[in-house]
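**Student:** got a structure for you, letters missing:
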């Protein structure tokens, strides 16, 4: 009898061209997404006199540096980076969803939206949140500039196979609890390096119940648990999302593809190097309080008190984190006042995320200023058709163009030093949203609740009477 | 790529946990070209006050460690963003080896591609080594990749690194050159794969 295989095993072996004695495998890459940050790799390729091996499998977007308040670029260095991307993609016959393209957006929103991301593919991009695409049952991971240059020139990559981890989220999430709360709970449980060296497969009834948008949020933050990638086995939800997408197979080819994709699941008795089990019913809305994503607690809790920590290293960490965040030890999370909100990023900027925030904000006013940046120009148009932009504007928030924006703060959208931001993004690192900025991560609905209250708050009371 | 076999140099302790790539190289410096040299912005916001002045108590700012070739770091060093420029910044500042209890996977891979060794040690060994070098900063330590040992005076510590990274560093393999020798196999794979997975190629416009 054949040994039972995990989904990861199946995806890996379908792409293995050869394997060296030391265990490194040469893998075929089905999709290579590039953005402005690829300039190091293009420079390297030019220095070697090389060419792009598979332009038809390479797709570019402008996202990291694009302005969101209109499309004029004030900073000449940023303008040069975007011009570079345009020139490099044109010279190498790479399709670019550039600044003026109606399909432009964040790479991890655009790929799935255009049907470029499919089950069974191996996808890489010079961005750690490439793990997002695993939501479709693709093997997708972030790489550095040297590897980007290697993929550009060979359409392959040398990799060592990671260990496997299965995360089962059983039960059913309560109203007001979503994908972001699930993934922050997982990270809090296993730690910011808990999945280091591992590929994660997510399963269980609470994952199966998620939309593709929700699954993307979960897989997106695999990297915040240290994971190499995260995958969800494709199912009817996946196929329904993909049907009719511009770059997805059509007609008979789609039927044939769905047949192939339906086999992409772990065998019943497949073995994992590590298993983690959570019950969704026990998950409450979560926010982060510190400077790593595993500093996450249910909203009804209090931030830790270093005086109560038994491990001196942990006590020092908590003291430093609270000091940076400007929060008194032991303070109730719901007593933490905020200065602004941000709704956007590759984690939470898709249509469902905007709907969840708008459902809370409708007919209410934000007590603080804030930015809403849809994940793509396509999402922006859809939201406007649904009237969501009006809800955000009437609440007092800015409705802006699509890009990475205030998640990484390199396009000019930054949180000022000392300011506190309730944010739908993925990293609460020191200075992530700008030097000295203080970030609390949470779901779009929870950001909306924080906006309405002016402090961190439980969204559930605000949903009363608004649930379907 | 430069080979890495053995390195003797000063080691600077930076024993904080979770020093992610945003701390190693803040995002606002990502647009700088490599040619400019990224050493001056390494650990910019950890090592400087809001006005940009060096903090005297930040280890790498201390005169004795300005020429350190080795960094002794805390758990989960280099997690977060995949920015290889974090490795460039360390390299441009003269660092050729980082010793830590664990590394972000992408950071470790990026380090190896630049000839920099990410050496994994036990948590207790990292802190002991950190204390030893803090007590006598000028005394160099020797990292031997062949033997997977770190020697300081009469003390020796073991470290680990995965076989693939070890081979690449010891041989100074350049991936792109190496892959060039597999051209025929890649072409065979591609042809067979098109039959096997016709849905995998996007339609041409």
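**Tutor:** Yep, it's here. Quantities reported herein were computed from a predicted structural model and do not represent experimental measurements.
**Student:** give me every residue that touches the spatially closest residue to residue A:128 that is not a sequence neighbour.
**Tutor:** Excluding the flanking residues, the one nearest residue A:128 by Cβ to Cβ, 6 or more residues apart in numbering or on different chains is residue A:142, at 3.8 Å. (Glycine included, C-beta is placed from N, CA and C.) Residue A:142 makes contact with A:124-131, A:223, B:82, B:106, according to Cβ atoms under 8 Å, 6 or more residues apart in numbering or on different chains.
**Student:** Could you check how far whichever residue of the stretch 251-400 of chain A sits closest to chain B is from residue A:59?
**Tutor:** Scanning the stretch 251-400 of chain A for proximity to chain B using Cβ to the nearest Cβ identifies residue A:257 as nearest, at 3.7 Å. From residue A:257 across to residue A:59, the span is 19 Å (Cβ to Cβ, to the nearest Å).
**Student:** returning to that earlier point: look up how far residue A:138 lies from the residue of the stretch 251-400 of chain A closest to chain B.
**Tutor:** Using Cβ to Cβ, which is the criterion applied here, residue A:257 is 13 Å from residue A:138.
**Student:** and if you look at residue B:89?
**Tutor:** Separation of residue B:89 from residue A:138 (Cβ to Cβ): 32 Å.
**Student:** out of the two, which sits in the busier spot?
**Tutor:** residue A:138 (29 against 26; other Cβ atoms under 10 Å in any protein chain shown).
**Student:** what about the nearest residue to the more buried one once chain neighbours are set aside, how many neighbours?
**Tutor:** Computed as Cβ to Cβ, 6+ apart, the closest residue to residue A:138 that is not its neighbour in sequence is residue A:121, at 4.5 Å. A count of nearby residues for residue A:121, using other Cβ under 10 Å, gives 25.
**Student:** shared neighbours of residue A:257 and residue A:138, which are they?
**Tutor:** Joint contacts of residue A:257 and residue A:138 (Cβ under 8 Å, 6+ apart) are residue A:118.
**Student:** element containing the most centrally placed residue in chain B?
**Tutor:** Central residue of chain B (Cα atoms, centre = their mean): residue B:111, 3.7 Å from the mean position. Using DSSP states H and E, residue B:111 falls within helix B:105-113.
**Student:** Establish whether the helix or strand following that helix and chain A are in contact.
**Tutor:** Counting by DSSP H and E, the next helix or strand C-terminal to helix B:105-113 is strand B:117-120. No. Strand B:117-120 lies out of reach of chain A by Cβ under 8 Å from any Cβ of the partner chain, never closer than 10.4 Å.
**Student:** Is residue 164 within a helix or a strand, and which one?
**Tutor:** No chain in the question, so chain A it is. Using DSSP H and E, residue A:164 falls in strand A:163-170.
**Student:** think we crossed wires, I meant chain B
**Tutor:** helix B:163-171.
**Student:** With chain A in mind, check whether that helix reaches it.
**Tutor:** Yes. Counting by Cβ under 8 Å from any Cβ, chain A has neighbours in helix B:163-171: B:163-164, B:166-167.
**Student:** which residues in the stretch 1-150 of chain A form helices?
**Tutor:** A:7-15, A:39-47, A:76-91, A:107-113, A:145-154 (DSSP state H, counting those that start in this stretch).
**Student:** Next one: residue A:47 from chain B, what distance?
**Tutor:** In this view, residue A:47 and chain B are 11 Å apart by Cβ to the nearest Cβ, to the nearest Å.
**Student:** Could you list the low-confidence segments of the chain?
**Tutor:** All of this refers to chain A. By pLDDT under 70, the low-scoring segments of chain A are A:1, A:467-468.
**Student:** let's do chain B instead
**Tutor:** Filtered on pLDDT under 70, chain B yields the residue ranges B:205.
**Student:** Show me what the nearest residue to residue B:73 once chain neighbours are set aside bridges to in the sheet.
**Tutor:** Sequence neighbours aside, residue B:100 is the residue nearest to residue B:73 in space, at 4.1 Å (criterion: Cβ to Cβ, 6+ apart). Beta-bridge partners recorded for residue B:100 (DSSP bridges): residue B:120.
**Student:** what do you get for residue A:438?
**Tutor:** Beta bridges link residue A:438 to residue A:420, judged by DSSP bridges.
**Student:** do the same with residue A:170
**Tutor:** residue A:279.
**Student:** my read: it touches residue A:205, true?
**Tutor:** Yes. Residue A:170 lies in contact with residue A:205 (Cβ atoms under 8 Å); the separation is 5.5 Å.
**Student:** list residues touching both of these two?
**Tutor:** Here residue A:170 and residue A:205 have residue A:280 as joint contacts, going by Cβ under 8 Å, 6+ apart.
**Student:** Excluding chain neighbours, what is closest to the closest residue to chain B within the stretch 351-468 of chain A?
**Tutor:** Across the stretch 351-468 of chain A, no residue is closer to chain B than residue A:429, which sits at 4.6 Å (Cβ to the nearest Cβ). Spatially, and ignoring its direct neighbours in sequence, residue A:429 is nearest to residue B:22 (4.6 Å; Cβ to Cβ, 6+ apart).
**Student:** and that neighbour, what element?
**Tutor:** Here residue B:22, judged by DSSP H and E, is contained in helix B:21-24.
**Student:** ok, back up a step: so which of the helices of the stretch 1-150 of chain A is the most surrounded?
**Tutor:** Burial of these is given as mean neighbour count (mean count of other Cβ atoms under 10 Å in any protein chain shown); helix A:107-113 ranks first at a mean of 27.
**Student:** Outside of that helix itself, list whatever touches it.
**Tutor:** Applying Cβ under 8 Å, 6+ apart, the contact partners of helix A:107-113 are A:31, A:33, A:35, A:59, A:61, A:63, A:97, A:103-105, A:116-117, A:123, A:125, A:127, A:129-130, A:132-133, A:135-136, A:212, A:216, A:220, A:241, A:245, A:346, A:349-350, A:375-376, A:378-379, A:402.
**Student:** For it, what is the distance to the chain centroid?
**Tutor:** With Cα atoms, centre = their mean, to the nearest Å as the basis, helix A:107-113 stands 11 Å off its chain's centre.
**Student:** Would you quantify the distance from the residue nearest to residue B:73 to residue A:114?
**Tutor:** Separation of residue B:100 from residue A:114 (Cβ to Cβ): 39 Å.
**Student:** can you give me the helices in the stretch 251-400 of chain A?
**Tutor:** Assigned by DSSP H, counting those that start in this stretch, the helices in the stretch 251-400 of chain A fall at A:251-261, A:312-325, A:351-361, A:377-385, A:388-394.
**Student:** Now for residue A:171: which residues touch it?
**Tutor:** By Cβ under 8 Å, 6+ apart, the contact list for residue A:171 reads A:204-206, A:279-282.
**Student:** Swap in 7 Å and give it another go.
**Tutor:** Remark: with contacts taken as Cβ atoms under 7 Å, 6 or more residues apart in numbering or on different chains, residue A:171 is in contact with A:205-206, A:279-281.
**Student:** Which strands or helices does the helix or strand containing residue A:184 pack on?
**Tutor:** Residue A:184 belongs to helix A:179-190 when assigned by DSSP H and E. For helix A:179-190, the contact count by 3 or more Cβ pairs under 7 Å, 6 or more residues apart in numbering or on different chains; DSSP states H and E identifies helix A:212-220, strand A:274-279, strand A:286-288, strand A:296-298 as packing neighbours.
**Student:** one more time with 6 Å
**Tutor:** Using 3 or more Cβ pairs under 6 Å, 6 or more residues apart in numbering or on different chains; DSSP states H and E as the contact test, the elements touching helix A:179-190 are helix A:212-220.
**Student:** Buried residues, the helix it packs on. List them.
**Tutor:** For helix A:212-220, burial by neighbour count (16 or more other Cβ atoms under 10 Å in any protein chain shown) applies to A:212-220.
**Student:** Right, I'll call it a day here.
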